[in-house]
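Q: Give me a model of this one.
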Amino acid sequence: MTRINTNVASLRGLRSLNRANQALDTSLARLSTGLQINSGKDNPSGLIAGETLRAQITTIEQSISNSTRANNVISTADAALGEVSGLLNQIRGLVQEGLNDGALSQNEIEANQLQIDAALSAINRISANTTFAGDKLIDGSQAFRTEQTAGDAAELNDLQINSAVFAGTSGQVLIDAEVTTAATQGSLTYDFVSGGLASDTTLEIGGSQGTDVVFLGAGSSLDNIVSAISALSDVTGVEVSKTDAVAASGSVASTGSTNDLTLADIRVGSGDQGSFTQDIQVTYADPGTSNAALSVSYDDTGADIVITVNLATGGAGSITSTAAEVASAINADASASAVVSVAAEGAGTGVVEAGASGTTSGGADGFLTIQSSDFGSDEFVDINVLQGTFATTLDGSTAATRSEGTDIEAIINGQSAQGRGLRASITTLQVDAALTFEATANTAGTTTAVTVVGGGSLFQIGQEVNAAGQISIGIEAVNTARLGGVSGKLFELSTSGGKSLLDVSSSNPGSGLVSIIDEAINRVTSLRGRLGALQKNVIETNISTLGVALENITEARSQIVDTDFAQETANLTRSQILSQSGLSTLAIANQNPSQVLSLLG
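A: A predicted model of the protein is given here:
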């Protein structure tokens, strides 16, 4: 090189040296921090991906922590409920023992009642004192708050909100329900038989509660059958009701006003027969003479009963009998008044019309409806005739000995609900609720609405801050004022509650006490089962799923941002060599222009 103003070799060496030093600095930074990306310039797209994954990892870690805490909260509540369940079983045993009054003295029964009072007090104490981090769990503080109109509330027998996630800005969850198909009871019909049962009859009556046998004597009336089957209702779960006979009726119309007669067949009396083979016919006859007197004739033709009213006439032979006079004449006749009751239209001052007639019709026999005491597919009526004759039908015409009920069908928030008896329930990400309709509201087209306005416990256990990542649960008060059911509440079993062991009598049977306790036990065990299902099937699976996701996402982020020390130490060695060689070559390049001096000398 013979030019001295520009040293290209030196510039090239300097550039290579700078590049080697930059690579050396990068390797030193990565090895010292353990990260491949220490600034945005290291890997812009990698930085974005790494930070996104980092945020997700933080979210997952906190979700796992939230899930674990939720699990601890529910475990605390479940432990308290377990104690309540144990106390309820103790009360059940004490009541069962106390009802054995033939073998226990009054002092022993009183001692049992004192133990029951203590157990009831303990249940209330557990309810009031079960807390987690200062929050009460089973005193009703964690229950959902709802609002309903009086009309909507009247449609429901029970309302249970298990879960509700409040989405959007309204802070409310609306539950709209409509009955599309009413629930039914198992039901059979027994029609009146003239003269009662033809012979001694033995029936096996079966229902959802059990089976028993009833013995009916020959000639038993519908009332006798009602009494016999009703006596077994507690055992069988089968009820019976009687529909009274309907009397036939009719009228005799005349041209004009206040001159019609109404007829009522009174042969039914207090019996069960309302349909007779003989109709009653009332006919007005013109005697065809003047100054005739009003008279009544009675004729049983075999086919019908004909009552002929011979009308009174005036001097000119015209009819003078009024409706009131005709009614009085028929009602005064011993034969006619035994089969028919007659009333005149209004004041009955109008003159009746000769040739008018009327016949009674529409009579119907009494019948029995034998049905399950409750609604739903679990309910049925089964009648097995062991002796004699006892014909039952499904609808008055189709012969059958067994009938099963059907569950309610309803739409809740636009979705088909799960029906069981009168209870319709729905489970979605936003709401888990069960509505039990009143029997009087069990008709297609019935609607009701409930607004959940607050309450409950919300757990953020997922990554998404919406219904998909949240669970909510409501825990109703578990105390003696709330535990129980249709038979009564638990507090009634206390000494002053009116249904204690000391109050057992024919009007307050021991079965009523047992029913209250059983309903309370069922309510507590149902709540524990719901909480346990939430722990096992939701929270624990969520923790496991999030744990696997955390492993995979952490590994993915590590591959992007973490330093591979084997690779980076190799890069460091290479950069050190290149830096040292760059210095040497730069020194040589800088000495090259001085060789031009040899040309001058």
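Q: what's the neighbour count on G302?
A: 8 (other C-beta atoms under 10 Å). Any C-beta I mention is one placed from the backbone N, CA and C, and that applies to glycine too.
Q: Can you tell me the SS state at it?
A: Three-state call for G302 (DSSP: H, G, I helix; E, B strand; the rest coil): coil.
Q: residues contacting the nearest residue to it once chain neighbours are set aside?
A: Of all residues not flanking G302 in the chain, Q278 sits nearest, at 7.8 Å (C-beta to C-beta, 6 or more residues apart in numbering). By C-beta atoms under 8 Å, 6 or more residues apart in numbering, the contact list for Q278 reads 300, 302-305.
Q: quick check, Q278 in a strand?
A: No. Applying three-state DSSP, one finds Q278 to be coil, outside a strand.
Q: State the distance from it to G362.
A: Distance of Q278 to G362, given as C-beta to C-beta, to the nearest Å: 14 Å.
Q: ok, back up a step: among the contacts of Q278, which one has the most neighbours?
A: Neighbour tally across the contacts of Q278 (other C-beta under 10 Å): the maximum, 24 neighbours, falls on I305.
Q: Does that residue touch Q281 like I think?
A: Yes. Counting by C-beta atoms under 8 Å, Q281 is a contact partner of I305 at 7.0 Å.
Q: Which neighbouring elements make contact with the lengthiest helix in the chain?
A: In the chain, taking DSSP state H as the definition, the longest helix is helix 44-98. Counting contacts by 3 or more C-beta pairs under 8 Å, 6 or more residues apart in numbering; DSSP states H and E, helix 44-98 packs against helix 106-129, strand 131-132, strand 457-460, helix 510-534, helix 540-561.
Q: in the longest one, what's buried?
A: Across helix 510-534, burial judged by 16 or more other C-beta atoms under 10 Å covers 510, 512-513, 515-517, 519-521, 523-524, 527-528, 530-531, 534.
Q: and it, what's its mean pLDDT?
A: When pLDDT is averaged over helix 510-534, the result is 92.
Q: List the contacts of it.
A: With C-beta under 8 Å, 6+ apart as the criterion, helix 510-534 contacts 74, 77-78, 81-82, 84-85, 88-89, 91-92, 95-96, 99, 162, 234, 471, 473, 475-476, 478, 483-490, 492-493, 499, 501, 504.
Q: Filter the residues you listed down to the buried ones.
A: Buried members of the contacts of helix 510-534, counted by 16+ other C-beta under 10 Å: 74, 77-78, 81, 84-85, 88, 91-92, 95, 99, 162, 471, 473, 475-476, 478, 483-484, 487-490, 492-493, 499, 501, 504.
Q: Low-confidence bits of the stretch 351-500 of the chain, can you list those?
A: Low-confidence segments of the stretch 351-500 of the chain (pLDDT under 70): none present.
Q: switch the cut-off to 80
A: By pLDDT under 80, the low-scoring segments of the stretch 351-500 of the chain are 395-396, 467, 486.
Q: can you give me the end-to-end distance of stretch 424-438?
A: Its first and final residues considered, stretch 424-438 spans 12 Å by C-alpha to C-alpha, to the nearest Å.
Q: Can you point out the buried residues in that stretch?
A: Buried residues in stretch 424-438, counted by 16+ other C-beta under 10 Å: 424-426, 430-437.
Q: from those, which two are the most distant?
A: Using C-beta to C-beta, the pair of the buried residues of stretch 424-438 lying farthest apart is Q430 and F437, separated by 22.0 Å.
Q: nearest to L35, of the buried residues of stretch 424-438?
A: For the buried residues of stretch 424-438, the nearest to L35 is Q430 (42.5 Å; C-beta to C-beta).
Q: Could you give the backbone dihedrals for that closest one?
A: Backbone torsions for Q430, taken as degrees, to the nearest 10, come to phi -90, psi -40.
Q: how much space between it and I57?
A: Distance, Q430 to I57, by C-beta to C-beta: 28 Å.
Q: do the same with G314
A: Note on G314: its distance to I57, by C-beta to C-beta, is 114 Å.
Q: where's D407 relative to G469, distance?
A: 34 Å.
Q: In terms of neighbours, single out the busier of those two.
A: Set side by side, D407 and G469 show more neighbours around D407, with 21 against 18, by other C-beta under 10 Å.
Q: in the sheet, who's paired with the nearest residue to the more buried one once chain neighbours are set aside?
A: With sequence-adjacent residues excluded and distances taken as C-beta to C-beta, 6+ apart, D407 is closest to G419, at 3.8 Å. G419 forms beta bridges with A424, as assigned by DSSP bridges.
Q: Domain map for the protein?
A: Listed by automatic domain parsing, the domain ranges of the chain are 8-34+563-600, 144-182+408-455, 187-244+366-404, 249-359.
Q: and of those, who's closest to N542?
A: Of all the domains of the chain, domain 144-182+408-455 sits nearest to N542, with 13.6 Å by C-beta to C-beta.
Q: follow-up on the earlier one: so what's the residue nearest to D407 up against?
A: 183, 376, 407-410.
Q: can you pick the most crowded of those residues?
A: Of the contacts of G419, with other C-beta under 10 Å as the count, A410 tops at 28 neighbours.
Q: Just confirm it is within a helix.
A: No. Counting by three-state DSSP, A410 is not part of a helix but strand.
Q: Show me which positions of stretch 287-295 end up buried.
A: Neighbour count says stretch 287-295 has 287, 292, 294 buried, by 16+ other C-beta under 10 Å.
Q: and what of stretch 177-195?
A: Across stretch 177-195, burial judged by 16+ other C-beta under 10 Å covers 177-179, 182-190, 192-193.
Q: Repeat that for stretch 541-558.
A: 542-543, 546, 549-550, 553-554, 557.
Q: Low-confidence ranges, the stretch 151-300 of the chain, go.
A: 167-171, 194-195, 268-271, 273-274.
Q: Now do the strands in it.
A: In the stretch 151-300 of the chain, the strands defined using DSSP state E, counting those that start in this stretch lie at 156-164, 173-181, 187-191, 201-207, 210-216, 238-243, 249-252, 261-265, 280-285, 295-300.
Q: just checking, what packs against the third one?
A: If I follow you right, that is strand 187-191. Strand 187-191 packs on strand 367-372, strand 380-387, strand 392-393, strand 402-404, going by 3+ C-beta pairs under 8 Å, 6+ apart.
Q: in its sheet, what does it sit against?
A: Sheet neighbours of strand 187-191, with direction, are listed as strand 367-372 (antiparallel), strand 392-393 (antiparallel) (DSSP bridges).
Q: for the fifth one, same thing?
A: Within its sheet, strand 210-216 is paired with strand 201-207 (antiparallel), according to DSSP bridges.
Q: Just the CA trace of the partner strand, in CSV.
A: Output in CSV follows, covering the C-alpha atoms of strand 201-207 (Å, rounded to 0.1, in the frame of the first residue of the first chain):
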residue,chain,number,x,y,z
THR,A,201,-112.5,-56.9,48.8
THR,A,202,-108.8,-56.9,49.7
LEU,A,203,-106.5,-54.4,48.1
GLU,A,204,-102.7,-54.0,48.1
ILE,A,205,-102.0,-50.2,47.9
GLY,A,206,-98.5,-49.2,46.8
GLY,A,207,-96.9,-45.8,46.6
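Q: Residues touching that strand, excluding its own?
A: Residues contacting strand 201-207 (C-beta under 8 Å, 6+ apart): 186, 211-216, 218, 220, 229, 232, 236-238, 372-373, 379-390.
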